[in-house]
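A.B. asks: Sequence and predicted structure, then a few things I'm wondering about:
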Amino acid sequence: MKHYLRLELNRAFRGRYMAIALLVGCGLSLWHFYDYIWPLRTCVLQGSYPLSSFDRWIGGENYSFQAKIYFMFLPILCALPHSASWLFDGASGFGNQAVIRWGQREYVRAKYLATFLSGAAVAVLPLLFDFLVTNLAAPAVCPQAGYGLSPINETKLWSDLYFSHPFLYLSAYLLMDGVFYGLFTTLSLTGTIFLRNRYLVQLLPFLAYMGLYCLGSTTGHLSMCPAGFLRPSQLFAAQPPWVIGEAAILLAAGGLFIHHSERQEMGLL
């Protein structure tokens with residue numbers, strides 16, 4: 001599996017679609033920096049307690065247009081690099097050659113892992129870039145609960161960690177985002193069991209993402225909306241039952257793809 005996984009990761013991370021996805025994400029970050037962060041640089045020179053970069057980067061606030069766009073359409077960017085490669089491999093004959101050389105089980109699992117990692121990278125790397133750029137204008141001082149400047153309060157997940165060890169909070173949340181957006185991206189693979197249209201398969205993670213958002217908004221269970229609870233600023237408070245439940249469903253969908261694909265012929269058409 002190592003050989004084929006290396007090949008799949010090469011295809012996922014060194015292709016032009018990965019570059020496009022990262023450029024779009026980092027472009028939104030620079031736009032956010034120009035509109036909302038750069039004007040704050042003068043606050044550092046004031047005598048009052050400075051605004052913290054933890055409260056102002058694109059993942060740490062809930063008011064900017066760029067943050068809304070980024071977290072609303074992120075599943076589309078995550079699916080761009082590698083989610084349709086399963087259909088491409090079946091149509092081109094590459095998949096059959098890979099199965100003959102390395103075995104179907106290794107091929108399927110390497111494909112799933114590479115798709116997961118590519119989606120996670122597209123989600124997390126622009127966020128890391130944005131946080132680093134934000135620190136060019138705003139200091140990374142520890143957020144203060146009593147000032148009322150932070151979107152995090154006692155009702156939010158890991159709120160104690162946010163105000164005591166913000167870097168640890170940031171790391172934990174980026175890890176959760178990487179896992180979730182990677183799992184959402186693998187829904188494209190599950191969709192190939194039932195669909196043969198490349199564009200519909202690539203849109204499937206976004207449709208599931210927005211379906212949960214619409215369902216949560218309609219029923220009043222906002223904590224089930226991943227577009228809200230996956231923002232480190234927690235537009236909607238992340239509740240462990242919803243987080244664990246949705247992660248379990250996404251993992252089950254990935255298990256369905258692996259179980260089905262390991263037992264089927266590679267001919268996708």
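C.D. replies: Yes, it's here.

A.B. asks: and A172, how many neighbours does it have?
C.D. replies: For A172, the neighbour count with other Cβ atoms under 10 Å is 16. For glycine as for every other residue, the C-beta is placed from the backbone atoms N, C-alpha and C.

A.B. asks: tell me the pLDDT at the nearest residue to L251 once chain neighbours are set aside?
C.D. replies: Once flanking residues are discounted, L251 sits nearest to L183: 6.6 Å by Cβ to Cβ, 6 or more residues apart in numbering. We have a pLDDT of 97 for L183.

A.B. asks: same thing with G47?
C.D. replies: Reported pLDDT for G47: 57.

A.B. asks: quick one on the thing from earlier: which residues touch the residue nearest to L251?
C.D. replies: F116, G119, A247, L250, L251, G254 (Cβ atoms under 8 Å, 6 or more residues apart in numbering).

A.B. asks: From these, keep the buried residues only.
C.D. replies: F116, G119, L250, G254 (16 or more other Cβ atoms under 10 Å).

A.B. asks: Just list the residues touching the second one, thanks.
C.D. replies: Remark: with contacts taken as Cβ under 8 Å, 6+ apart, G119 is in contact with C78, A79, P81, H82, S83, Y181, G182, L183, F184, T185, T186, P205.

A.B. asks: Test my guess that the third one contacts G25.
C.D. replies: No. Here P81 does not reach G25: they are 11.7 Å apart, not a contact under Cβ atoms under 8 Å.

A.B. asks: circling back to that earlier point, so of the contacts of G119, which two are at opposite extremes in space?
C.D. replies: Greatest spatial distance among those (Cβ to Cβ): P81 and L183, at 15.5 Å.

A.B. asks: what about F116, distance to T185?
C.D. replies: 7 Å (Cβ to Cβ, to the nearest Å).

A.B. asks: On the C-terminal side of the helix or strand harbouring M176, identify the next helix or strand.
C.D. replies: In the assignment (DSSP states H and E), M176 maps to helix 166-191. Per DSSP H and E, the first helix or strand lying C-terminal to helix 166-191 is helix 198-219.

A.B. asks: Report the backbone C-alpha coordinates of that following helix in CSV.
C.D. replies: What follows is helix 198-219, C-alpha atoms only, in CSV (Å, rounded to 0.1, in the frame of the first residue of the first chain):
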residue,chain,number,x,y,z
ARG,A,198,-18.1,13.9,-12.0
TYR,A,199,-19.5,17.3,-11.1
LEU,A,200,-22.3,16.0,-9.0
VAL,A,201,-19.9,13.7,-7.2
GLN,A,202,-17.6,16.7,-6.4
LEU,A,203,-20.6,18.8,-5.2
LEU,A,204,-21.9,16.0,-2.9
PRO,A,205,-19.8,17.1,0.2
PHE,A,206,-21.2,20.7,-0.2
LEU,A,207,-24.7,19.4,-0.6
ALA,A,208,-24.5,17.3,2.5
TYR,A,209,-22.9,20.2,4.4
MET,A,210,-25.6,22.6,3.3
GLY,A,211,-28.3,20.0,3.9
LEU,A,212,-27.3,19.8,7.6
TYR,A,213,-27.2,23.6,7.7
CYS,A,214,-30.7,23.9,6.4
LEU,A,215,-32.0,21.1,8.6
GLY,A,216,-30.5,22.6,11.7
SER,A,217,-31.8,26.1,10.8
THR,A,218,-35.3,24.8,10.1
THR,A,219,-35.6,22.7,13.2
